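K.L.:
predicted model follows, preceded by the sequence.
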Amino acid sequence: MEIKLVKSRQFVIKPTAPYNFDATLFKPSHYPDPLKVYEPGKYWFAMRFEDKIFGVKLVNCGSIDDPKVNLKLFYKERLSSQKLKSLLDELKFRCEFDVDLSEFYDKFANDRVLSPFLRRWRGMHESHTLDLYGLLMICIFLQNTVIRRTVQMTRAMLEKYGTLVKFDGREVFVFWTPEQLAKVSEEELRKLKVGYRAKLFIKSSRSWIAERINEFELRKLQTNEARKRLLRIYGVGPETARILLTEGLGKYDIFDHVAPWQQKILSRLLFNKPLVPASKIIEYANKRWDKWVALAVHYIWEDIFWRHARGEKIEWLDKEIRL
DNA sequence: CATCAGGGCCCTG
DNA sequence: CAGGGCCCTGAT
C-alpha cells in the first residue's frame, strides 16, 4: 500500500539544551532500513498516530547549545487543535526534545572514562522515532542472522505489508499493525524468506494484542515493571527487552544484557582487552554510571560507529561490524 | 561441492 | 539452568 501526503504545517521547536540534532536522530550503529531518510541536519520519517499516518520532516536550524528545530508535519486530513497538540507531544517524546540531560552532564563531567565522549557528542540523546511495535519487528529481524539478511527481510516484509508514505519528495515506510500481521498465515510469510521468524512475527503480534501492550502506559512504569510486561510477549527475551526499554521507551537506567558481539566491542572500548566476561562489563558500567548507565554506554557505543561510518580505520573493529 | 555461523529465543530435560 | 534447534544465505 502507499499513500501521498500533501498538506502540511510547520512548527518551530526549541529543544532543551544541549541538543545534538544529528547524533540524537541518526544512529550509525543501526542497520540501514527504508523507514527514514537522513541527511546531515535533516531527518524524514513517518508515523502512525491514533490510526492515522503522518509524515515528519525535521530540519536543524539551531546549534547544540541554542537548539532550534523546524518541524514540518504532513497529513491527509486536518487535525483538531487538541489532536494536534497530542501529536506534537508525542513527537516531543520520540525525539526527546524536552529531556533534560544536565544532571547527566554535571555528574560525569569529570568521569575519566566518559568525559571525552560527553565532549565529543554533547547533547546526544536516544531517539524513538519508531513506535514500540515497529521496534519489536526490527528486533526480530535482527535475531540470529547477519545484517545483510536482516536488511533483505525488512525490505521484503515492508514492501508486502507496510505502507509507503510519500511526502516532501521522499518515500519512507511505516510498519503494519499487530492486528494486520496477526491474520497472516505462516506459509505466506515464509515465501518472503524470513524462515522461522514467520512464526515469531505472527505469535508476537498476537501476544502483543493479547497482552494489551500500550506503550504510553509502559513509559510511565518503573523500568523493571515495564521489563516484566515486555518479557511476556512471545519472542521477547532479555536482549529485545533491553532494546525496547532504552530505544523504545526512553529508559536510561538499564544495562543488564550484553550479547557476545557487543561484548567483544565493549571489552576493547572499556578495558582495552580483547574479551572481558559479560558479567564484568555489566557490573562495571552499572556501578559507574548507575541510573544513567544506558545513556553512558550509548555514548561510547555510538562514538565508535560514527568513527567507523566516517571511514576511520579501526583495525580490530572491522571484523566485528559486518554490513 | 558441503559445511557453517550469524547483532536470540523458545523449549526441553 | 544449560544446550539444542530454528530458516536462510554468504563466506569458507
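P.N.:
Cool, got the structure.

K.L.:
quick one: the strands in the stretch 151-300 of chain A, in order.
P.N.:
Listed in chain order, the strands found in the stretch 151-300 of chain A under DSSP state E, counting those that start in this stretch are A:163-167, A:170-174.

K.L.:
show me what the first one is packed against.
P.N.:
Which is strand A:163-167. Packed against strand A:163-167 by the contact rule (3 or more C-beta pairs under 8 Å, 6 or more residues apart in numbering; DSSP states H and E) you find strand A:2-4, strand A:42-49, strand A:52-60, strand A:170-174. Quick note: C-beta positions are derived from backbone N, CA and C, even for glycine.

K.L.:
can you pull the buried residues of the third one?
P.N.:
In other words, strand A:52-60. Taking 16 or more other C-beta atoms under 10 Å as the basis for neighbour counts, the residues of strand A:52-60 that come out buried are A:53, A:54, A:55, A:56, A:57, A:58, A:59, A:60.

K.L.:
right, and the fifth one touches residue A:72 too?
P.N.:
Yes: with contacts counted by C-beta atoms under 8 Å, residue A:57 reaches residue A:72, the gap being 4.3 Å.

K.L.:
common neighbours of the two, please.
P.N.:
Between them, residue A:57 and residue A:72 share these contacting residues under C-beta atoms under 8 Å, 6 or more residues apart in numbering: residue A:168.

K.L.:
can you put the strands of the stretch 151-300 of chain A in CSV and add mean neighbour count?
P.N.:
Output for the strands of the stretch 151-300 of chain A, formatted as CSV (neighbours: other C-beta atoms under 10 Å):
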stretch, mean neighbour count
strand A:163-167, 20
strand A:170-174, 20
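
K.L.:
need these in TSV with mean pLDDT, can you?
P.N.:
As requested, the strands of the stretch 151-300 of chain A are exported to TSV (pLDDT from 0 to 100):
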stretch	mean pLDDT
strand A:163-167	98
strand A:170-174	98
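
K.L.:
for residue A:140, find the nearest of those strands.
P.N.:
Taking C-beta to C-beta as the criterion, residue A:140 comes closest to strand A:170-174 out of the strands of the stretch 151-300 of chain A, the separation being 16.0 Å.

K.L.:
quick one: the helices and strands packed on strand A:163-167 as CSV, columns for distance to DNA strand B too.
P.N.:
Output for the helices and strands packed on strand A:163-167, formatted as CSV (distance: least, C-beta to the nearest atom of the strand, whole Å):
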stretch, distance to DNA strand B
strand A:2-4, 29
strand A:42-49, 19
strand A:52-60, 23
strand A:170-174, 20
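
K.L.:
same list, those strands, but as a markdown table with distance to residue A:283 please.
P.N.:
As requested, these are arranged in a markdown table below (distance: least, C-beta to C-beta, whole Å):
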| stretch | distance to residue A:283 |
| --- | --- |
| strand A:2-4 | 49 |
| strand A:42-49 | 36 |
| strand A:52-60 | 38 |
| strand A:170-174 | 39 |
